[in-house]
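J.: Mind looking at a prediction? Sequence and model below.
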Amino acid sequence: MANPYLPLWEYIPDGEPRVFGDRVYVYGSHDRAGSDSFCDHVLKCWSASVNDLNNWVCHGDIFHTLPDRDHPSDTENTGEEHFLYAPDVVEKDGKYYLYAYIINSKGCVAVSDRPEGPFRFLSHYEYTIPDEICCNGWFIDPGVLVDDDGRVYIYCGFERSFMAEVDPGTMYRIKDNSCIEHFIPVEITDEGGFDSSDKLFFEAASMRKVNGTYYMIYSPKRGSRLAYATSDKPTGPFTYRGYIVDNGVDYPGGNDHGSIACINGQWYIFYHRMTNGTIMSRRACVEKIEILPDGTIPTVEMTSLGFEDSLSPYKITPAEIACVLKGERIMVTEKNQFRRVITGITDGAVIGYKYFDFGDDFSSSTMEFSAETYGLGTDCTVHILIDGEDGEEIGSFDVTRDGGVINTVVKNVTGRHSLFFKISTDYSKEGWTGTFFKDRPLFELISFVFMK
């Protein structure tokens, strides 16, 4: 399953991946297409078999702060009706506990007998932490760890971090005198060649234990990244090790939130990226990662692959799975549940995909290429390149003012390559200097396919 790995109409940010039994579950907030605010009044869960990551099942809305057509509010007896952000779920003694962050309200814990929920309200947090530390009981972006010895820890924060130990008997009472502020420091010097904006805590705390080492995954001040720090204890101190992925490299970036999970021996980083020209309309993505013997995680690039090793160019590719979008106005946008396109394509824009496997067929020197486009009343040329936006050009096609399906012949390609479309017009030539022409949207890209 390519990125985004959930159905392309689904907007799940802040995904926390958890493997329970033989399934991997992703618990997330819920955005709406083109929204002007983060999230809404529900939390969602999707799952897949660890042996089949191409077929995800939606378990619906697992927790609500407002009633909907099928469910009462899960907080109707407490009065909370605000949006839900960034949940986490852990298992303890055969029960599954959901930690909910309710904006502008006390955070809470809910419980279920099943990992997919639905979850019923259990309690608000009980705590003696000063309200100025835990933001009046919000417990922002809770990340929870059930350690091997049965002790439970919660990690939270926005622009400043704090952690505390949770009573494992209740799963909602915070143990007195267990709070530690700034487990990721608020001030860090630039030693080690790292810019402090890479290291300072912003939000999105998520804890994992790997081979005896505690990994704190979080969003640093440079918010399009997911950074990580490690410790030999769940309470720290933590040492900054680097960042894992950046959703803003050659793409319209924004806040990021996610974590790591091991599925059938392969490690992944789950994260989200932006659509619809807003940082408030996010879709779930995943990349394969490696944890080296010294505990470090090399930074990975953002790709179109998802759980795949390579994509097939001979299957119709929806344009919206692009992992490179370069241009002042370019973006993926949803017109309806059935139609999403790349729009805002202007002169000089670049659209990129990583990676396709073209196979090893040397029997011919050419192959065919087709693209489905929607014209916007302007002519332009699309250059088809491999291995980079300045890589080898294997063909090109012209998009006329009325668009439509365009067919062309391109050079035959073998092996595994990234694919780029680079757009040019006569507007870049001498004499066409007006910004009206240079910034004018040219067409919308819907899908494409190679054929032999």
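T.: Ah, there it is.

J.: C-alpha from now on. contacts and neighbour counts both.
T.: Noted.

J.: Give me the below-cutoff pLDDT ranges for this protein.
T.: Low-confidence segments of the chain, defined by pLDDT under 70: 186-196, 427-438.

J.: Would you mind giving the domain segments of it?
T.: 16-289, 317-451 (automatic domain parsing).

J.: Span of the longest one from start to end?
T.: Meaning domain 16-289. Domain 16-289 has its terminal residues 16 Å apart, counting by C-alpha to C-alpha, to the nearest Å.

J.: Return the distance of it from the chain's centre.
T.: Relative to its parent chain, domain 16-289 has a centroid offset of 13 Å by C-alpha atoms, centre = their mean, to the nearest Å.

J.: before we move on, back to that, the domains of the chain into CSV, with extra columns for mean neighbour count and distance to residue 305?
T.: Output for the domains of the chain, formatted as CSV (neighbours: other C-alpha atoms under 10 Å; distance: least, C-alpha to C-alpha, whole Å):
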stretch, mean neighbour count, distance to residue 305
domain 16-289, 20, 7
domain 317-451, 18, 7
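
J.: what would those domains look like in JSON lines with distance to residue 3?
T.: Shown next, in JSON lines, are those (distance: least, C-alpha to C-alpha, whole Å):
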{"stretch": "domain 16-289", "distance to residue 3": "5"}
{"stretch": "domain 317-451", "distance to residue 3": "6"}
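
J.: For residue 181, what are phi and psi?
T.: Phi and psi for residue 181, reported as degrees, to the nearest 10, are phi -80, psi 150.

J.: ok, it touching residue 163?
T.: Yes: if you go by C-alpha atoms under 8 Å, residue 181 and residue 163 touch, sitting 6.6 Å apart.

J.: In contact with residue 145, which residues?
T.: Listed by C-alpha atoms under 8 Å, 6 or more residues apart in numbering, the contact set of residue 145 reads 90, 152, 153, 154, 207, 208.

J.: Report the spatially nearest residue to the second one, omitting neighbours in sequence.
T.: By that I understand residue 152. The shortest distance from residue 152 to any non-neighbouring residue, by C-alpha to C-alpha, 6 or more residues apart in numbering, is to residue 146 (4.6 Å).

J.: For the stretch 151-300 of the chain, which segments count as helices?
T.: Ranges of helices within the stretch 151-300 of the chain are 196-199, based on DSSP state H, counting those that start in this stretch.

J.: Correct me if wrong: residue 362 contacts residue 414.
T.: Yes: with contacts counted by C-alpha under 8 Å, residue 362 reaches residue 414, the gap being 7.4 Å.

J.: follow-up on the earlier one: do you know how far the residue nearest to residue 152 is from residue 169?
T.: From residue 146 to residue 169 the distance is 12 Å (C-alpha to C-alpha).

J.: what's the answer for residue 9, then?
T.: Residue 9 is 40 Å from residue 169, by C-alpha to C-alpha.

J.: if we can go back for a sec, sort out for me which of the contacts of residue 145 are in strands.
T.: Of the contacts of residue 145, the ones assigned to strands by DSSP state E are 90, 152, 153, 154, 207, 208.

J.: what would those residues look like in JSON lines with distance to residue 254?
T.: Shown next, in JSON lines, are these (distance: C-alpha to C-alpha, whole Å):
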{"residue": "90", "distance to residue 254": "27"}
{"residue": "152", "distance to residue 254": "31"}
{"residue": "153", "distance to residue 254": "28"}
{"residue": "154", "distance to residue 254": "25"}
{"residue": "207", "distance to residue 254": "22"}
{"residue": "208", "distance to residue 254": "24"}
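
J.: Quickly list what residue 164 is bridged to.
T.: Listed beta-bridge partners, residue 164: residue 154 (assigned using DSSP bridges).

J.: That one touches residue 155, doesn't it?
T.: Yes: counting by C-alpha under 8 Å, residue 164 does reach residue 155; the two are 6.8 Å apart.

J.: List the contacts of residue 205.
T.: Here residue 205 is in contact with 141, 142, 143, 155, 156, 157, 216, 217, 218, 219 (criterion: C-alpha under 8 Å, 6+ apart).

J.: Skip the chain neighbours and tell me the closest residue to it.
T.: Excluding the flanking residues, the one nearest residue 205 by C-alpha to C-alpha, 6+ apart is residue 218, at 4.7 Å.

J.: I'd assumed residue 203 was in contact with the one you found.
T.: Yes: Residue 218 lies in contact with residue 203 (C-alpha under 8 Å); the separation is 6.3 Å.

J.: Just give me the residue right at the centre of this structure.
T.: Nearest residue to the geometric centre of the chain (C-alpha atoms, centre = their mean): residue 272, 1.2 Å.

J.: wait, what's in contact with it?
T.: Applying C-alpha under 8 Å, 6+ apart, the residues contacting residue 272 are 12-15, 247, 256-258, 282-286.

J.: what's the distance between it and residue 157?
T.: In terms of C-alpha to C-alpha, residue 272 sits 19 Å off from residue 157.

J.: do the same with residue 198
T.: Distance of residue 198 to residue 157, given as C-alpha to C-alpha: 17 Å.

J.: Residue 137 too?
T.: Look at residue 137 and residue 157: by C-alpha to C-alpha, they are 11 Å apart.

J.: Residue 269 now?
T.: On the measure of C-alpha to C-alpha, residue 269 and residue 157 end up 21 Å apart.

J.: Mind checking which of the contacts of residue 205 land in strands?
T.: Using DSSP E, the members of those that fall in strands are 143, 155, 156, 157, 216, 217, 218, 219.

J.: what's near enough to touch the closest residue in space to the third one that isn't next to it in sequence?
T.: Leaving aside its chain neighbours, residue 156 sits nearest to residue 142 (4.8 Å; criterion: C-alpha to C-alpha, 6+ apart). Listed by C-alpha under 8 Å, 6+ apart, the contact set of residue 142 reads 86-88, 99-101, 154-157, 204-206.

J.: could I get these as JSON lines with distance to residue 422?
T.: Listed next are those as JSON lines, based on distance: C-alpha to C-alpha, whole Å:
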{"residue": "86", "distance to residue 422": "37"}
{"residue": "87", "distance to residue 422": "39"}
{"residue": "88", "distance to residue 422": "41"}
{"residue": "99", "distance to residue 422": "45"}
{"residue": "100", "distance to residue 422": "44"}
{"residue": "101", "distance to residue 422": "42"}
{"residue": "154", "distance to residue 422": "47"}
{"residue": "155", "distance to residue 422": "44"}
{"residue": "156", "distance to residue 422": "43"}
{"residue": "157", "distance to residue 422": "41"}
{"residue": "204", "distance to residue 422": "35"}
{"residue": "205", "distance to residue 422": "38"}
{"residue": "206", "distance to residue 422": "38"}
